[in-house]
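Asker: Sequence and predicted structure are below.
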Amino acid sequence: MSATRVGFIGLGHISIHAHLPGLAPLVEAGDVELSAFCDISEEALATQAAAFGAKATYTDHHEMFEREQLDAVYINLPPTLHTDQVTIAADKGIAVFVEKPVSLDMAQAVEFSRQVDKAGIVSQVGFMSRYYPSSEKVCQLLAERTPRHVMINLFYSGKPVRWWTSRYEECGGSFVENTVHMVDLVRYFLGDIADVSAFYQWRQRGEGPEMMNMPHVYDVNYRFASGVLGNATTSRVLTNADGAGRRDVVLVCDDSMIEWSTGKVIDNDKTVWEEETQGRSAFALQAQAFITAVKARDRSLMRSPYGPSLNSLAAVLGANASAERDGERLSLADVQSSQVSWNPMFCAGHGTPTLD
């Protein structure tokens with residue numbers, strides 16, 4: 001079978017440190033050809049094309065789509081830079097891998113989903129947490145248990161990493177840009193979310209690193225369609241805490257408490273699965289699954305196809321909208337249909353600077 005011809009749009013951190021290394025074994029085996037890279041930075045294009053062996057480079061994705069015969073494309077862009085990339089790929093029958101968050105505009109994401117479905121192409125959103133072996137173990141345990149409650153704990157540094165991930169109007173805040181991974185993971189365990197209510201503690205002007213203009217703390221409550229209740233707490237106040245932090249999920253079932261992390265699963269204080277994580281191994285497993293689905297033209301092989309992933313996007317954008325409404329309970333159906341939306345400039349009301 002011939003190699004799957006893959007293009008990349010966006011050569012930022014996630015591409016060069018996660019997705020391209022994840023594809024590297026498939027490239028080496030001859031299963032994947034990195035046909036084209038596209039980025040606005042000619043320096044990045046030259047560096048990464050040399051590092052990963054891309055056959056062609058472009059600074060305009062329109063030209064790349066016009067000139068190249070691609071089987072799949074990775075779209076790894078900040079959410080505000082999503083324009084017509086998915087549309088063109090769908091029109092050409094090219095499978096799409098879209099890094100999260102796929103958009104900050106729910107209506108735009110819904111329209112892209114419609115285009116993907118109409119084209120019948122394979123699609124995957126970059127929720128790699130579903131591909132950790134520890135996640136599969138939790139699914140096995142839940143098949144024999146009755147879940148009632150789930151808790152997401154994500155406490156990490158408040159230091160800025162990249163410009164767009166430090167700005168509320170550019171990334172939607174840490175809950176949208178980062179915690180969406182864990183929200184999607186608990187959806188993998190428990191099914192879709194129906195309702196959301198949220199409170200945020202806002203960063204004031206001059207509080208914390210200067211480029212940051214986002215909330216310090218995000219406290220979000222969910223009700224799943226199944227009736228399970230969930231709490232998700234994210235904080236970015238450990239700026240100078242010598243690496244202290246936490247990232248885990250706890251599921252409370254009838255007579256069972258399951259604790260998930262990337263390398264360990266604990267059930268009622270007993271370790272039932274443990275494995276030393278190999279760097280970004282979940283990205284490699286996700287890449288393998290994506291390429292397998294593209295070769296087979298089988299959309300059902302994907303764990304996070306574009307359309308079903310809209311519930312994860314609605315869950316985090318809905319949290320923003322609820323926090324702006326002082327914790328009002330919102331239906332995710334209303335969020336997904338854009339009857340309720342969030343305001344990217346809401347941070348200005350808290351004294352934090354915006355780009356406007």
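Answerer: Received it, and whenever you're ready, just let me know what you need. Quick caveat, the model's predicted, so the values are computed rather than measured.
Asker: wait, Asn311 sits on Ile193?
Answerer: Yes: at 6.1 Å, Asn311 counts as touching Ile193 under the criterion of C-beta atoms under 8 Å. (C-beta placed from N, C-alpha, C; glycine too.)
Asker: what residues are shared contacts of the two?
Answerer: Both Asn311 and Ile193 are contacted by 187, 332, under the criterion C-beta atoms under 8 Å, 6 or more residues apart in numbering.
Asker: tell me the domain boundaries of this structure?
Answerer: Dividing the chain into domains by automatic domain parsing, as the record does, gives the ranges 4-128+282-301, 132-275+310-350.
Asker: Make TSV from these and add mean pLDDT to it.
Answerer: Shown next, in TSV, are the domains of the chain (pLDDT from 0 to 100):
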stretch	mean pLDDT
domain 4-128+282-301	98
domain 132-275+310-350	94
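Asker: State the next helix or strand along the chain beyond the strand or helix carrying Phe189.
Answerer: Under the criterion DSSP states H and E, the helix or strand holding Phe189 is helix 180-190. Taking DSSP H and E as the definition, the helix or strand that follows helix 180-190 towards the C-terminus is strand 193-201.
Asker: May I see the buried residues of that following strand?
Answerer: Taking 16 or more other C-beta atoms under 10 Å as the neighbour-count basis, strand 193-201 is seen to contain the buried residues 193-198, 200.
Asker: Same check on stretch 47-57?
Answerer: Of all the residues in stretch 47-57, those buried under the rule 16+ other C-beta under 10 Å are 48-49, 52, 54, 56-57.
Asker: would you put the C-alpha positions of it in PDB?
Answerer: Taking only C-alpha atoms (Å, rounded to 0.1, in the frame of the first residue of the first chain), the coordinates of stretch 47-57 have been written out as PDB:
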ATOM      1  CA  THR A  47      14.200  24.300  10.000                       C
ATOM      2  CA  GLN A  48      11.300  21.900  10.400                       C
ATOM      3  CA  ALA A  49      11.400  20.700   6.700                       C
ATOM      4  CA  ALA A  50      15.000  19.800   7.200                       C
ATOM      5  CA  ALA A  51      14.300  18.100  10.600                       C
ATOM      6  CA  PHE A  52      11.400  16.000   9.500                       C
ATOM      7  CA  GLY A  53      11.900  15.600   5.800                       C
ATOM      8  CA  ALA A  54       9.000  17.500   4.300                       C
ATOM      9  CA  LYS A  55       9.100  17.500   0.500                       C
ATOM     10  CA  ALA A  56       7.700  21.000  -0.100                       C
ATOM     11  CA  THR A  57       7.000  24.200   1.900                       C
END
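Asker: contacts for it?
Answerer: Stretch 47-57 is contacted from outside by 8, 11, 15-16, 20, 24, 27, 33-39, 42, 45-46, 64, 67-68, using C-beta under 8 Å, 6+ apart.
Asker: Kindly give a single ChimeraX line that selects the buried subset of those.
Answerer: One line in ChimeraX is enough to select the buried members of the contacts of stretch 47-57, burial here meaning 16+ other C-beta under 10 Å:
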select :8,11,15,16,20,24,27,33,34,35,36,37,38,39,45,64,68
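Asker: Report the contact partners of the residue nearest to Ala348 when sequence neighbours are not counted.
Answerer: The shortest distance from Ala348 to any residue other than its chain neighbours is 5.0 Å, reached at Thr354 (C-beta to C-beta, 6 or more residues apart in numbering). Shown here is Thr354, whose contacts under the criterion C-beta under 8 Å, 6+ apart are 168-169, 213, 345, 347-348.
Asker: distance of Thr354 from Met214?
Answerer: For Thr354, the distance to Met214 equals 11 Å [C-beta to C-beta, to the nearest Å].
Asker: Quickly list what's touching both of those two.
Answerer: Counting by C-beta under 8 Å, 6+ apart, the shared contacts of Thr354 and Met214 are 168, 347.
Asker: which element is Gln115 on?
Answerer: When elements are assigned from DSSP H and E, Gln115 belongs to helix 106-119.
Asker: Mind giving me the packing neighbours of that helix?
Answerer: Helix 106-119 makes packing contacts with helix 85-92, helix 310-324, helix 332-336 when contacts are defined by 3 or more C-beta pairs under 8 Å, 6 or more residues apart in numbering; DSSP states H and E.
Asker: Report all helices and strands that the shortest one contacts.
Answerer: Other elements packing on helix 332-336 under the criterion 3+ C-beta pairs under 8 Å, 6+ apart are helix 106-119, strand 193-201, helix 310-324.
Asker: Please name the bridge partners of the nearest residue to Gln85 once chain neighbours are set aside.
Answerer: If the residues on either side of it in the chain are set aside, Gln85 comes closest to Ile75, at 4.9 Å by C-beta to C-beta, 6+ apart. With beta bridges defined as DSSP bridges, Ile75 has these partners: Ile9, Val98.
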